[in-house]
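1. how does the following fold in three dimensions:
(one chain, ligands or ions: 2)
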Amino acid sequence: MPVLKNISTLYSCSLMGKQADIHPLHRAALVWNDSRIEWVGEESDLPAEYSSSNEVIDAGGNIVIPGLIDCHTHLCFGGWRADEYEKRLSGVSYLEIAKAGGGILSTVKETRHATEDELYIKASAMLDEMIESGVTSVECKSGYGLSTEEELKQLRVYRRLAEEKSVSIVSTFLGAHTIPPEYRDDRKAYVDLLINEMIPAVAGQKLAAFCDIFVEDSAFTIPEARRILENAKSAGLKLKVHADQLTTGGGAELAADLGAVSADHLERVSDKGIRRMQEADVVAVSLPIASLYTWQPYLNCRRLADAGVAVAVATDFNPGSAPCYDLPLAMMLACNHGRLTPAESLKGATIYAAKAIGLESITGSLETGKRADFNILAAPDINHWIYHFKRKPPIRTFASGTEIKRT
Ligand SMILES: N=CN[C@@H](CCC(=O)O)C(=O)O
Ligand SMILES: [Zn+2]
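-> Numbering: from 1, shown residues only. Ligands and ions are numbered 1, 2, ... in the order given. Reported below is the predicted structural model:
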């Protein structure tokens, strides 16, 4: 049985306690059997049966954290949108570009043109780069197909990634990302298509665990979202909402009403929305890289954490508002702009991120019975790791007990 020794501090990050409680264990050891954690504690307490193991790994006096979890990405898409980046830099807003038929719709065009194999090759290469920064689980949304067959095509790419990669993939159906051009003059017909054809197909083929929706001026209204999400829930999908990103639209309240697992973005969430999320135990997913690229206000994570809402941190990787999959960068921005502490940000990218994608009983913390997903980091402590921000991939990364990366 492998035994990891000589860990200066292991942050176990259990779900217990507040956002700031990451449960550090000093001079720790970690034992795992196959893919599961068998024992974790102070090295001086290591039971004799493990200390005689002939598979001892030396952590070199470094720190150990759970595998990072990117709980909000739009990983599979055709093309890029660097031209829009330039337009936004010259003063045209994200919403103006979207209303003029660019934005999400320009990626829809490119994604429809791409073959499933082309999409797979591109997404697979980007996923490999995400793994470089210590990520061991990734949530992946569709939403650039916007027809039954094109949405299924994206979700099949994720199924193939789940089968072929060493990290976990959780898929989310986001057919309700925006109204496709062919339904511009008949929104109701697209909502009907989502309900009568797309959701049953996705749920029937078990291609997604979650259904998400973009509630926004340029996308779906609250009544449309309620209808779509209620149907998705009846079909057995768990729920997520892109809420209150560009305008205060009641998305957080809707997420709470419907028992959604998470509400994401929330830059313009109301006090009532925060209260309702706390009461309904909805995870808030903070996406500061989207604010960095769109010059929208950052989510004040502090406000939510102080109100007792679990705040997860993710990249929102997509070709428009967040063309960057650097989760440690998102963690640093959640501190510098969202006012989380480094410990809180770590909890946001581990166990709370796991909770945001329904994996909290499987991964996200280093506890007996959990999957052995972890990183060895060269830093004196987690505070220093986030504060001294630089490209610093983990020394070693393990997913399900197997080493997947070593620098
Ligand atoms: N807000 C909606 N969806 C994405 C943006 C997608 C895109 O611009 O292509 C987001 O989470 O930011
Ligand atoms: Zn998103």
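2. let me see the domain layout of the chain.
-> The chain breaks down into these structural domains: 3-67+366-404, 68-356 (assignment by the TED database).
3. reformat those domains as a markdown table; add mean neighbour count and mean pLDDT.
-> For the C-beta atoms, the positions are set from N, CA and C on the backbone; glycine is no exception. Converted to a markdown table, those look like this (neighbours: other Cβ atoms under 10 Å; pLDDT from 0 to 100):
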| stretch | mean neighbour count | mean pLDDT |
| --- | --- | --- |
| domain 3-67+366-404 | 18 | 97 |
| domain 68-356 | 21 | 97 |
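4. in the stretch 201-350 of the chain, what residue spans correspond to strands?
-> With strands called from DSSP state E, counting those that start in this stretch, the stretch 201-350 of the chain shows them at 210-213, 238-243, 262-265, 283-286, 311-313.
5. what helices or strands is the first one leaning on?
-> Put plainly, it is strand 210-213. Other helices and strands packing on strand 210-213, by 3 or more Cβ pairs under 8 Å, 6 or more residues apart in numbering; DSSP states H and E, are strand 168-176, helix 222-234, strand 238-243.
6. what does the stretch 201-350 of the chain have sitting close to ligand 1?
-> Counting by Cβ under 6 Å from any ligand atom, the residues of the stretch 201-350 of the chain close to ligand 1 are 214, 242, 245, 290, 316, 318, 319, 320, 321, 322.
7. closest one of those residues to residue 94?
-> residue 321 (6.1 Å; Cβ to Cβ).
8. contacting residues for the closest residue to the closest one other than its chain neighbours?
-> Spatially, and ignoring its direct neighbours in sequence, residue 321 is nearest to residue 290 (4.5 Å; Cβ to Cβ, 6 or more residues apart in numbering). Contact analysis of residue 290 by Cβ atoms under 8 Å, 6 or more residues apart in numbering lists 245, 265, 296, 316, 321, 322.
9. same thing but at 10 Å, please
-> Contacts here follow Cβ atoms under 10 Å, 6 or more residues apart in numbering; on that basis residue 290 touches 72, 94, 245, 264-265, 267, 296, 298-299, 314-318, 320-322, 324, 330.
10. would you agree residue 4 is in contact with residue 63?
-> No - using Cβ atoms under 10 Å as the test, residue 4 is too far from residue 63 to be in contact (11.8 Å).
11. need the residues touching each of the two.
-> Shared contacts of residue 4 and residue 63, defined by Cβ under 10 Å, 6+ apart, comprise 10, 28, 376.
12. ramachandran coordinates for the closest residue to ligand 1 within the chain?
-> At 2.5 Å from ligand 1, residue 320 is the closest residue in the chain, using Cβ to the nearest ligand atom. Note on residue 320: its backbone torsions stand at phi -110, psi -80 [degrees, to the nearest 10].
13. mind checking how far it is from residue 309?
-> Distance of residue 320 to residue 309, given as Cβ to Cβ, to the nearest Å: 27 Å.
14. what about the helices in the stretch 1-150 of the chain?
-> In order along the chain, the stretch 1-150 of the chain carries the following helices (DSSP state H, counting those that start in this stretch): 48-51, 82-89, 94-99, 104-113, 116-132, 148-164.
15. contacts for the first one, please.
-> With Cβ under 10 Å, 6+ apart as the test, helix 48-51 has contacts from 1, 2, 3, 5, 29, 30, 31, 33, 38, 39, 43, 56.
16. recalculate using a threshold of 6 Å.
-> Contact with helix 48-51 is made by 3, 31, as judged by Cβ atoms under 6 Å, 6 or more residues apart in numbering.
17. ditto for the fifth one
-> Contacts of helix 116-132 with the rest of the structure, by Cβ under 6 Å, 6+ apart, involve 75, 76, 153, 157, 160, 325, 393.
18. and the furthest pair within the residues you listed?
-> Based on Cβ to Cβ, the longest span within these runs between 153 and 393 and measures 32.0 Å.
19. extract the C-alpha set from stretch 102-122 and format it as CSV.
-> As requested, C-alpha coordinates have been extracted for stretch 102-122 and formatted as CSV (Å, rounded to 0.1, in the frame of the first residue of the first chain):
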residue,chain,number,x,y,z
GLY,A,102,-21.6,37.6,-32.0
GLY,A,103,-20.5,36.2,-28.7
ILE,A,104,-21.9,32.8,-27.9
LEU,A,105,-23.6,32.6,-31.4
SER,A,106,-20.3,32.9,-33.2
THR,A,107,-18.9,30.0,-31.3
VAL,A,108,-22.1,28.0,-32.1
LYS,A,109,-21.4,28.5,-35.8
GLU,A,110,-17.8,27.2,-35.4
THR,A,111,-18.8,24.3,-33.2
ARG,A,112,-21.5,23.2,-35.6
HIS,A,113,-18.8,23.2,-38.4
ALA,A,114,-16.4,21.1,-36.4
THR,A,115,-16.5,17.3,-36.4
GLU,A,116,-16.8,15.3,-33.2
ASP,A,117,-13.2,14.1,-33.6
GLU,A,118,-11.9,17.7,-34.2
LEU,A,119,-13.7,18.8,-31.0
TYR,A,120,-12.3,15.9,-29.1
ILE,A,121,-8.7,16.5,-30.1
LYS,A,122,-8.9,20.2,-29.2
